[in-house]
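Visitor: Here is my input, please return the structure:
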Amino acid sequence: MAGGAASGGSVASDTYKNARHWLLMPSWLVLGFFVFAPVCVMVIYSFLTKEFRGGVTWEPTLAAYDQFFFDRGLFGDADPTLQWTYIEIFWRSIWQAGLATILSLLIGFPTAYYIATRPANTRALWVFLITIPYWVNLLIRTVSMKFLLRDEGPMNNSLLNIGIISEPLQIINTNLAVQVGLFYSYLPFMVLPIYAAVDRYNFTMSEAASDLYATKWATLRRIVLPAVKPGVIAGCILVFVPSLGAFLAPDLLGGAKNFMIGSLIEEQFKGNAGNWPFGAAASMILLSMVLVLLMVFAHQQRRAGATT
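Guide: Okay, the predicted model is just below:
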């Protein structure tokens, strides 16, 4: 029987051996055209020279990267100094994305745990309610959030009528508004992976821990969290990465004083006054940072797997 099973498995695995490359061809074409080709274009553009009316001229240069990191004065003839303007925008993007990830985790984990512990016949309804916002375009949702938070919006009017505040809260065009927009936009990206992980969790382990007189906090910290850690990490990545490059929330809710790196990149490709090489260079710097973070995370996961 064992030999027959092994033989059957070998036959099954060799069935499409000769056609394997042809079967994968559509996937490789899609990845190449929609993923690798745009990245390659951005890499090439980042090393070209800005054309006066927008676009590029095919003259290789490092001017775009130099402009991002160094300030050489208005006419480019001064001694180079660090370009703190773009570095501050980059740093603002990092801490805004990190804070949005932390807030999403603090709200998303209890929400996902609650949904996963509901009766099986109601879980689909809760997941349905979580995904409803994604039926509407992100632009429309962000504009709606701006209407809600504005000085004469429903939130301020309600607080004024109740008497909690005496004058409208100035939320729009602040870092707080950007944070609210990011949190609102990407919270489901945190909830759904954690829900999937908790849904697969064996709750008899929590019952066993309770029988051994473990506190609820100890059970959560030592048993539940390690078991659902892959879902938590996936959720953090799915929130942090798009938040880092977001431009709708900073543009519509943050104003000109709360630029993020996504807004900076977007501005370089708008109209004839844009700087395509600089926008491409900023995109490559952002992409490189994300790839480094993912590689560090993958390395740590590999080491953790090796130790266990």
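
Visitor: pLDDT on the strand or helix carrying Met145, on average?
Guide: In this assignment (DSSP states H and E), Met145 forms part of helix 138-149. The average pLDDT within helix 138-149 is 90.

Visitor: Identify all contacting residues around the following helix or strand past it.
Guide: The helix or strand immediately downstream of helix 138-149 is helix 154-162, counting by DSSP H and E. Contacting residues not belonging to helix 154-162 are listed as Phe147, Leu148, Leu149, Arg150, Ile165, Ser166, Glu167, Pro168, Leu169 [Cβ atoms under 8 Å, 6 or more residues apart in numbering]. No exception for glycine: its C-beta is placed from N, CA and C like everyone else's.

Visitor: can you rerun that using 6 Å?
Guide: Leu148, Ile165, Pro168, Leu169 (Cβ atoms under 6 Å, 6 or more residues apart in numbering).

Visitor: Show me how far the helix or strand following that helix is from its chain's centre.
Guide: Next along the chain after helix 154-162, taking DSSP H and E as the criterion, comes helix 175-199. How far helix 175-199 lies from its chain's middle: 10 Å, per Cα atoms, centre = their mean, to the nearest Å.

Visitor: and what of stretch 22-31?
Guide: Distance, centroid of stretch 22-31 to centroid of chain: 26 Å (Cα atoms, centre = their mean).

Visitor: Please indicate which of the contacts of helix 154-162 are buried?
Guide: Neighbour counting by 16 or more other Cβ atoms under 10 Å classes Pro168, Leu169 among these as buried.

Visitor: Could you point out which of the contacts of helix 154-162 is nearest to Phe52?
Guide: When the contacts of helix 154-162 are ranked by distance to Phe52 (Cβ to Cβ), Leu148 comes first, at 42.4 Å.

Visitor: and the closest one, what is it in contact with?
Guide: Pro154, Met155.

Visitor: from the contacts of helix 154-162, which is closest to Ala116?
Guide: Leu148 (29.8 Å).

Visitor: now the closest one: how far from Leu212?
Guide: Shown here: Leu148 relative to Leu212, a distance of 48 Å by Cβ to Cβ, to the nearest Å.

Visitor: Go ahead and confirm Ala177 touches Ile171.
Guide: Yes: between Ala177 and Ile171 there is a contact at 5.1 Å, judged by Cβ atoms under 6 Å.

Visitor: Quick check on these two: which one has the bigger neighbour count.
Guide: Neighbours were counted for Ala177 and for Ile171 using other Cβ atoms under 10 Å; Ala177 has more, 23 against 18.

Visitor: what ranges do the strands span in the stretch 1-150 of the chain?
Guide: 49-50, 56-57, 70-71, 81-82 (DSSP state E, counting those that start in this stretch).

Visitor: Any idea which of those gets closest to Ala64?
Guide: strand 49-50 (7.7 Å).

Visitor: mean confidence score for that closest one?
Guide: Throughout strand 49-50, pLDDT has a mean value of 88.

Visitor: So which residues make contact with that strand?
Guide: With Cβ under 6 Å, 6+ apart, strand 49-50 has contacts from Thr57, Glu59, Thr61, Asn275, Pro277.
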